[in-house]
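Enquirer: the sequence and its predicted three-dimensional model are supplied below.
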Amino acid sequence: MERYVEKLLYRVSMAFIIIGTSIMVVLILQTPKTCVPPNAPLKPHTHFPRSTCDSSPRQHLPLPKKNSRLWSSRAWQSRLSSFSSFFLHFHHLGLLHNHSKALCVSAGAGHAAMALTHLGLSDVTAVELVDSPPLVNRADPHNLPFFDDVFDFAFTAHLDEALFPRRFAAEMERTVRRGGLCVVAVDECGGEDVRDIAGLFSNSKLVNVVNVTLEGSRRTSVLFQIQGSAS
């Protein structure tokens, strides 16, 4: 009886081994259904492999060439033009000069920094949590890696997205010299909202509030002048 059971178990085991091996062979040889057939036509505007199973390495695009493509795109040029028009207003008022040392906080991909450079400023620094070389360096806007009173002009369009707005504003004030300017662009607002923003800049004087169009959206530009170093 025991020998009969052993033979039965042996036959069952062999059957499972044969079935499993056959399934593995089929899976290896058969193209998965999730793959695009190798002879499928490519869309002219894509650069993807002919098959999603194609493991051949993609061509590495050097950073300068990658940036060149990005900066020449219509979307980039549109946003750049918007920031250029915005900063040109301060240049005409004599608040921005070619020798001004400017800081862009939470600068994103660097549109504002490039606009200031194109305006003629030779010393522009931009920071963001994720760097975008060569325009934007990596730094925490709540803990800027700069000495006190370094810059003449600081700008941000992302104060309303800060985790700690008061700390964010204090760091802008700390790094701008006495008499220098801080400019904040926020969603269009007025009255109490502007007073709340002004309350964050406890070391500055509110100079001007004006509604503008920036990056295709209605925004409010709030201008502060630094009165002294924070104690």
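Expert: Looks like it came in fine.

Enquirer: where exactly do the helices run in the protein?
Expert: 2-29, 63-71, 74-92, 111-119, 165-175, 192-200 (DSSP state H).

Enquirer: quick one: the second one to helix 111-119, angle?
Expert: In this structure, helix 63-71 runs at an angle of 90 degrees to helix 111-119, with axes from the mean of the first three to the mean of the last three C-alpha atoms, to 10 degrees as the basis.

Enquirer: show me what helix 63-71 is packed up against.
Expert: Where contact means 3 or more C-beta pairs under 8 Å, 6 or more residues apart in numbering; DSSP states H and E, helix 63-71 is packed against helix 74-92. No exception for glycine: its C-beta is placed from N, CA and C like everyone else's.

Enquirer: what lies in contact with the helix it packs on?
Expert: For helix 74-92, contacts defined as C-beta atoms under 8 Å, 6 or more residues apart in numbering pick out 70-71, 96-97, 111-112, 114-116, 118-120, 153, 155, 181, 183, 185, 212-216, 221.

Enquirer: make JSON lines out of the helices of the chain and add mean neighbour count and distance to Val127.
Expert: Shown next, in JSON lines, are these (neighbours: other C-beta atoms under 10 Å; distance: least, C-beta to C-beta, whole Å):
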{"stretch": "helix 2-29", "mean neighbour count": "9", "distance to Val127": "50"}
{"stretch": "helix 63-71", "mean neighbour count": "12", "distance to Val127": "18"}
{"stretch": "helix 74-92", "mean neighbour count": "16", "distance to Val127": "16"}
{"stretch": "helix 111-119", "mean neighbour count": "23", "distance to Val127": "9"}
{"stretch": "helix 165-175", "mean neighbour count": "21", "distance to Val127": "10"}
{"stretch": "helix 192-200", "mean neighbour count": "14", "distance to Val127": "19"}
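
Enquirer: where among these is average confidence lowest?
Expert: Note on those: lowest mean pLDDT is at helix 2-29, with a mean of 72.

Enquirer: how is the chain carved up into domains?
Expert: Structurally, the chain divides into domains by automatic domain parsing as follows: 1-30, 76-226.

Enquirer: which stretch among the ones you listed comes nearest His60?
Expert: When those are ranked by proximity to His60, the top entry is domain 76-226, at 15.8 Å, counting by C-beta to C-beta.

Enquirer: show me how far that closest one is from its chain's centre.
Expert: Centroid displacement of domain 76-226 relative to its chain, using C-alpha atoms, centre = their mean, to the nearest Å, is 16 Å.

Enquirer: any idea how far apart the tips of that domain sit?
Expert: 32 Å (C-alpha to C-alpha, to the nearest Å).

Enquirer: can we start the residue count at 21 from this point?
Expert: New numbering, starting at 21: the last item is domain 96-246.

Enquirer: returning to what we had before: can you list the helices of the chain in JSON lines and add distance to Leu226?
Expert: Shown next, in JSON lines, are the helices of the chain (distance: least, C-beta to C-beta, whole Å):
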{"stretch": "helix 22-49", "distance to Leu226": "69"}
{"stretch": "helix 83-91", "distance to Leu226": "35"}
{"stretch": "helix 94-112", "distance to Leu226": "16"}
{"stretch": "helix 131-139", "distance to Leu226": "22"}
{"stretch": "helix 185-195", "distance to Leu226": "12"}
{"stretch": "helix 212-220", "distance to Leu226": "5"}
